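Asker: Generate coordinates for the sequence data below:
(2 chains)
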Amino acid sequence: MMMKRSRWLWIAFLLAAAAELFLLAWVRGEYRTVLAEGREYTVPVSVNFSENFYEQNYISLHVPIDKAQWTGAAAPAEGEEVYLAVSGGKDKEMQVLRAQPEQPPQGDYLLVRAKRLDGDVLHFDFPADRLYMDAADIRRISVTELAERVQVRNPDTDKVETRMKNALTAKLRVKDGRAVIEDLLVNGSPVTASYTTVGEIADVKYAASGKEKDEFIPMGSNT
Amino acid sequence: MDTHGQWLKARLEEWTAEGLITDEAAETLRARYGRLPIRSWTGPLFAAALFCFAAGAAFSAAGVWSALSQDQRFLLAVVPVVLSLAAAALFLLADAAARRLRRRHPAAEGGAPRREGLPVFLREGVGIFHGLAVSAAMWMVYDSFRLGGDLSVLLAAAAGCLLVMLYVLRSAGLGLLFAADAACAAWLSPGGWVDGAAWALLAAAFPFFFFLVSGRREAGGTAFAWGWVAAVLTLTFCTASAQMWQVVFFAVAASLTWLGGAALRPYGWIGAAFRFFGGAAVFAVLFVAAFGQAWRGADGSWLLWLLLVLFLGADTALLLRAAARREWLSVTAGLVPFVMAAAALLALWDGSGVSSAVLVSCFMVFLAAAVVARGLQKGRQWQIGAGLLLLLGDGAVRLMDSSLTFGQRGAFFLTAGVMAALLCLVLRPRGRKRRRGRAPLTEERGGGDDDEA
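Answerer: The predicted model follows:
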């Protein structure tokens, strides 16, 4: 009786231990698989400078794809996982086709969580927001150049608009509903190859109105 | 620190002076038991050492975390898990060997009380190390290979694994970490199956409490039960986002804790701790529920009502048990969930929340009177004070709560005044002759509540 109990105890222990290790390996494997086998897309991005840029091993990015036309019969509950059908346009640029409750029978899709439904427009957060890099590579990026903005006149409206000086895009990989950001492109070139000089290590504070100017605050100045 | 030793030293001096024992016997007793209480600090010191090592390792790792590559981070996450598994396996082997040895050579204990397996602090150390390693590894791997908002799923899966380890290692500390994992999973989950899984996991962990209590591990049992109750409360807040349901489920949890304390009365301070915790929570939730705001805009899915009915069933079982022991104050506390259920039903009918708030207020008066009566019966000033405080608090809530109109508040106080006057009339001192004729109340009748409640 005691031997039997001991045997079951060990079986349970080994099963739980295997499950724990498998779970950890699965997360890493899933990420690597998407990165290696996923279909390539590009999306416009902006860099989130509010987090401590140099003290991490990733760059925090914001992909402005956050709404799509909802084609489901009933409204999804908040937090419900829905499918976002996507396709590649010119230069592999990601185009959102629609959001729906079922998995699309063909083509790529992303799994996103519904936030709210305005009419037939579904709002959600894009499921990828990090570009993992070596900390040494991140330190080589010049925030001053990356964050630089310029004022240009819009020929359509004849108004002066503030825009990013460099066009930032992210190279994405998509597979089985998962998305991984593979690279950050500055005017089409990888960010690590775009700047040949090491810029000043600084935080950026964008102007909130026309009276203010963008500020670059050297790191370590305790401001 | 050495109060037991000082007490023994004083007694031994008295007994030798009175000639009850010889000097040699006193010296033997002093040598054997004089320093015993000092050993009682080894447990907390060991726990403090473990905590310091864990905190030191965590902070050291955090210092270099941002400079590591993804693969290095993965290794940093997995290595502690592997080490903790090795430690757990070693512990299980050594524990089984120790049990076998004690069964084969029972005389080796030298007549001392028989102890099964390895010491509890080793069991707790191994369990806590494993729980911390797994929980931290899930977060570290998630932070290093982020694929959407899957942390809640990972934590739920980790809690499933820890549940199995909980019954294998039988560590109360691991139980606390498991409960925290399950609660965090539900908290981070945007809804869906993770909430349901967290409920199922916590329900499956509940029998572990009886393992601890039956093994006389009272401190571990108390810690685990409080952690479990806190996790259940978190889940109720996640599952039921409306304030009404949060109040109702908090009241149910508080009442069950109080009744659980009554059921655990034979286990000494563990039961007292539960009654104190439950009592404080019952009073707090009644104050919140006495405001009309808590009951406004009531609605709810059938799932929440079903959950409430299940909880009421559990409450009824404990309530009947308390009634069988004639613990009337505990029975009164056990009525709280039923009052809350009635108030919830009233709130469906009266959307302003006024009727529900008044019902809760009336019950507060009843509970306060019961507490005061118990205090008078037992001659406990603190209990009388607590009852009066509850009564005053109820009055203050009714004065402040703007969900009732001035007219309604006036009617409430007038009714309360009439009731109090009637009570005075009933309890007024009788004529001298009748009072002389009555037998003095020297002997306590009824009431199975002991000194704690």
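
Asker: alpha carbons only for contacts and neighbour counts from here, please
Answerer: Noted.

Asker: And the closest residue to residue B:367 other than its chain neighbours, which helix or strand is it part of?
Answerer: Once flanking residues are discounted, residue B:367 sits nearest to residue B:332: 6.7 Å by Cα to Cα, 6 or more residues apart in numbering or on different chains. In the assignment (DSSP states H and E), residue B:332 maps to helix B:328-334.

Asker: likewise residue B:6?
Answerer: Assigned by DSSP H and E, residue B:6 belongs to helix B:3-18.

Asker: Can you list the buried residues in the helix or strand just after that helix?
Answerer: Next in sequence after helix B:3-18, counting helices and strands by DSSP H and E, comes helix B:23-33. Buried positions in helix B:23-33, judged by neighbour count with 16 or more other Cα atoms under 10 Å in any protein chain shown: B:26, B:30.

Asker: List the contacts of helix B:23-33.
Answerer: Residues outside helix B:23-33 that contact it (Cα atoms under 8 Å, 6 or more residues apart in numbering or on different chains): B:5, B:8, B:9, B:12, B:13, B:16.

Asker: neighbour-wise, which of those leads?
Answerer: residue B:12 (21 neighbours; other Cα atoms under 10 Å in any protein chain shown).

Asker: Model confidence score at the closest residue to it other than its chain neighbours, please.
Answerer: Distances taken as Cα to Cα, 6+ apart place residue B:26 nearest to residue B:12, at 5.9 Å, with adjacent residues excluded. pLDDT, residue B:26: 85.

Asker: do the same with the one 3 residues further on
Answerer: On pLDDT, residue B:29 comes in at 84.

Asker: For the helix holding residue B:332, output the C-alpha coordinates as CSV.
Answerer: Only the C-alpha atoms of helix B:328-334 are listed here, as CSV (Å, rounded to 0.1, in the frame of the first residue of the first chain):
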residue,chain,number,x,y,z
TRP,B,328,-25.4,31.6,18.7
LEU,B,329,-23.1,34.5,17.8
SER,B,330,-21.5,32.4,15.1
VAL,B,331,-25.0,31.5,13.8
THR,B,332,-25.8,35.2,13.6
ALA,B,333,-22.7,35.8,11.6
GLY,B,334,-23.6,32.9,9.4
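
Asker: Just checking the distance from the following helix or strand past that helix to the centre of its chain.
Answerer: Remark: after helix B:328-334, the chain's next helix or strand is helix B:336-349, criterion DSSP H and E. Offset of helix B:336-349 from its chain centre (Cα atoms, centre = their mean, to the nearest Å): 24 Å.

Asker: Dump the C-alpha coordinates for helix B:336-349 into CSV.
Answerer: Only the C-alpha atoms of helix B:336-349 are listed here, as CSV (Å, rounded to 0.1, in the frame of the first residue of the first chain):
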residue,chain,number,x,y,z
VAL,B,336,-24.9,37.5,6.8
PRO,B,337,-24.7,35.8,3.4
PHE,B,338,-28.5,35.2,3.5
VAL,B,339,-29.1,38.8,4.4
MET,B,340,-26.9,39.9,1.5
ALA,B,341,-28.7,37.5,-0.9
ALA,B,342,-32.0,39.0,0.2
ALA,B,343,-30.6,42.5,-0.2
ALA,B,344,-29.4,41.5,-3.7
LEU,B,345,-32.9,40.3,-4.6
LEU,B,346,-34.4,43.5,-3.2
ALA,B,347,-32.0,45.5,-5.3
LEU,B,348,-33.4,43.9,-8.5
TRP,B,349,-36.8,45.2,-7.5
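
Asker: buried sites along that helix?
Answerer: Going by neighbour count (16+ other Cα under 10 Å), the buried part of helix B:336-349 is B:336, B:337, B:338, B:339, B:340, B:341, B:343, B:344, B:346, B:347, B:348.

Asker: Does the third one touch residue B:312 like I think?
Answerer: Yes. The criterion here is Cα atoms under 8 Å, and residue B:338 meets it with residue B:312 at 7.1 Å.

Asker: how many neighbours does residue B:97 have?
Answerer: Using other Cα under 10 Å, residue B:97 has 14 neighbouring residues.

Asker: and if you look at the one 5 residues further on?
Answerer: One way to gauge burial is a neighbour count; for residue B:102, by other Cα under 10 Å, it gives 16.
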